[in-house]
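**Q** Output the structure for:
(one chain, ligands or ions: 1)
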Amino acid sequence: MTDFNTLFDQIIAELGGRDAVMALLDVGPSALSNYRKRGTIPSAKQALLDEALARKGLTFEADDLRLSARNSGEMRRVLLIITGGIAAYKALDLARRLMERGISVTGVMSKGAQEFITPLSVSALTGEKVYTDLFSLTDEAEMGHIRLARETDMVLVAPATAHFIAKMAHGMADCLASTICLATSAPVMIAPAMNPQMWAHPALQHNLTTLAQRGVEIIAPAIGDTACGEVGAGRLEEPIIIAEQVSARVRQTHQTVALSGKHILITSGPTIEPIDPIRFIANRSSGKQGHALAAEAVRRGARVTLVSGPVTEPPPAGLTHISIETAHQMKEACEAALPADSAICAAAVADWHVVGASTSKHKKTQAGPPVITLATNPDILAGLCQHDKRPSLVIGFAAETDNLETAAREKRIRKGCDWLIANHIVADAEQSVFGADTNQVLFISSDACEDWPSLKKTDVARRIFDRMEAWFDCD
Ligand code: CTP
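**A** Predicted structure coming up:
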């Protein structure tokens with residue numbers, strides 16, 4: 001049984017660390033030390049912890065001194081498939097982070113992974129047997145690969161090498177790890193790690209798109225130094241971030257929530273259009289509204305594909321995030337993500353791109369500035385509305401500076417979407433909706449025009465999804 005201090009450490013980790021817990025309880029470090037010494041927490045403070053844990057879908061079971069997911073007596077189980085890259089050593093930290101979040105971890109290792117870390121170290125850390133061999137008679141006697149694949153709440157491949165991703169995309173079953181990926185009915189998440197050139201290669205990206213279309217959720221690698229000395233996208237995402245995303249997703253799979261079974265496609269952020277390798281045309285979109293919508297859709301149990309331009313906002317946990325730059329890339333990613341039950345186009349798509357963007361830097365010359373010719377970008381929202389696989393509920397956003405209601409009503413009809421959420425844009429950057437946390441919008445459908453009060457973007461998202469749930473119920 002867990003002792004009080006181990007449990008208290010788990011609670012602190014779940015709630016965002018010591019500082020966050022001290023702020024929540026309104027106490028200093030000495031109070032936390034006293035709780036540890038006494039092995040109890042005063043009831044008023046315990047109530048605050050219970051409330052915060054409940055918001056994360058957890059409950060504190062005082063009798064057993066353990067944290068567990070609410071509405072279910074069982075522990076969440078994750079099958080952690082470790083494949084053979086240098087980042088395999090980070091899988092040990094990842095296993096620990098998952099366990100801190102009340103998740104039990106069973107390790108499965110590919111042959112390559114065993115070149116980097118040993119099954120013994122994974123097993124010592126997780127306290128569970130580690131599986132390595134498809135044809136092991138002992139393993140088959142104890143737990144066949146099909147049972148292993150089925151009796152889990154999630155399959156997580158981390159790190160996922162380019163080779164293993166290719167095997168998954170092609171449905172190969174030549175080892176225990178790839179066989180599990182085919183045999184499982186649980187959600188599958190992968191956290192790739194590789195050299196930046198390999199990550200950028202069209203073959204790898206094509207395999208990822210295939211997997212995303214099949215519902216595999218991808219935790220994109222981070223940008224930075226990689227083990228091979230090159231800098232770029234390819235580093236395994238930090239174990240703590242992966243653990244957060246997996247924990248959010250694994251809990252969601254146990255909740256029967258209103259939008260479970262629905263696939264929602266959301267665009268967010270700006271698109272940027274290159275002028276040359278250094279310069280581009282951009283806009284002020286922060287992605288806050290689109291990302292808030294995506295987070296709300298995940299909370300309500302939907303499978304979410306978020307196609308986003310470059311923003312500083314991190315992608316919410318528990319969804320498939322496809323990162324793009326240009327309008328053409330956004331269109332391609334959206335169409336590849338179909339079918340979807342609903343599409344919400346919250347991105348500020350650039351209306352134009354530069355014709356024949358230069359592959360070398362424009363230099364200052366005597367002839368004066370370069371002449372830039374623009375061409376119109378495809379309209380992604382209108383394209384989705386006319387698509388053979390049109391989602392049954394398509395929602396657009398509109399940014400207008402003049403005659404908000406008339407322009408928005410006209411835009412809804414012109415684009416062919418069901419609902420349109422319209423913002424009034426002011427010239428003053430201080431009061432602008434771009435980058436702000438609040439939004440004041442008109443909600444427009446074929447038979448309604450509602451003026452919503454100024455709301456936090458998260459509350460605008462909530463209202464839109466309340467509407468969507470009602471709409472799907474009546475559908
Ligand atoms: N949109 C899109 N593709 C584009 C342009 C816009 O999908 N190329 C979507 C936006 O995501 C938004 C809606 O269309 O949901 C309206 O965007 P907005 O910028 O207000 O409209 P525009 O079509 O650009 O029209 P205008 O600039 O003339 O107001």
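**Q** mind giving me the domain ranges of the protein?
**A** Dividing the chain into domains by automatic domain parsing, as the record does, gives the ranges 4-69, 76-255, 263-357+370-474.
**Q** Dump these to JSON lines, plus mean neighbour count.
**A** (Glycine included, C-beta is placed from N, CA and C.) Shown next, in JSON lines, are the domains of the chain (neighbours: other C-beta atoms under 10 Å):
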{"stretch": "domain 4-69", "mean neighbour count": "15"}
{"stretch": "domain 76-255", "mean neighbour count": "19"}
{"stretch": "domain 263-357+370-474", "mean neighbour count": "19"}
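**Q** unless I'm mixing things up, residue 337 is touching residue 307, no?
**A** Yes: contact criterion C-beta atoms under 8 Å: residue 337 and residue 307 qualify, at 6.9 Å.
**Q** shared neighbours, those two?
**A** Both residue 337 and residue 307 are in contact with 265, 322, where contact means C-beta atoms under 8 Å, 6 or more residues apart in numbering.
**Q** isn't there a helix covering residue 178?
**A** Yes: according to DSSP: H, G, I helix; E, B strand; the rest coil, the state of residue 178 is that of a helix.
**Q** From residue 161, how far out is it?
**A** Between residue 178 and residue 161 the distance, using C-beta to C-beta, to the nearest Å, works out to 12 Å.
**Q** Same question for residue 439.
**A** 42 Å.
**Q** same thing with residue 100?
**A** For residue 100 relative to residue 161 (C-beta to C-beta), the value is 26 Å.
**Q** How confident was the prediction at the nearest residue to residue 302 once chain neighbours are set aside?
**A** The shortest distance from residue 302 to any residue that is not its chain neighbour, by C-beta to C-beta, 6 or more residues apart in numbering, is 3.9 Å, and that residue is residue 259. Looking at residue 259, its pLDDT reads 90.
**Q** what about residue 259, distance to residue 455?
**A** Plainly put, residue 259 is 20 Å away from residue 455 if you go by C-beta to C-beta.
**Q** now do residue 16
**A** Using C-beta to C-beta, we find residue 16 at a distance of 25 Å from residue 455.
**Q** Let me see the ranges of the strands in the stretch 301-450 of the chain.
**A** Counting by DSSP state E, counting those that start in this stretch, one finds strands in the stretch 301-450 of the chain at the ranges 303-308, 320-323, 342-345, 352-354, 374-376, 393-400, 419-424, 438-439, 441-444, 449-451.
**Q** same question, the stretch 51-200 of the chain
**A** Read by DSSP E, counting those that start in this stretch, the stretch 51-200 of the chain holds these strands, from start to end of the chain: 58-61, 66-69, 76-82, 103-109, 154-160, 188-192.
**Q** Flag the shaky bits of the stretch 51-200 of the chain, pLDDT-wise.
**A** Across the stretch 51-200 of the chain, the ranges flagged by pLDDT under 70 are 54-58, 60-75, 137-143.
**Q** tell me which parts of the stretch 351-475 of the chain are close to the ligand?
**A** Within the stretch 351-475 of the chain, the positions near the ligand by C-beta under 6 Å from any ligand atom are 351, 377, 379-381, 396-399, 415.
**Q** can you rerun that using 5 Å?
**A** By C-beta under 5 Å from any ligand atom, the residues of the stretch 351-475 of the chain that approach the ligand are 351, 377, 379-381, 396-399.
**Q** Could you export the residues you listed as a markdown table, including pLDDT?
**A** Output for these, formatted as a markdown table (pLDDT from 0 to 100):
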| residue | pLDDT |
| --- | --- |
| 351 | 96 |
| 377 | 98 |
| 379 | 98 |
| 380 | 98 |
| 381 | 98 |
| 396 | 98 |
| 397 | 97 |
| 398 | 94 |
| 399 | 86 |
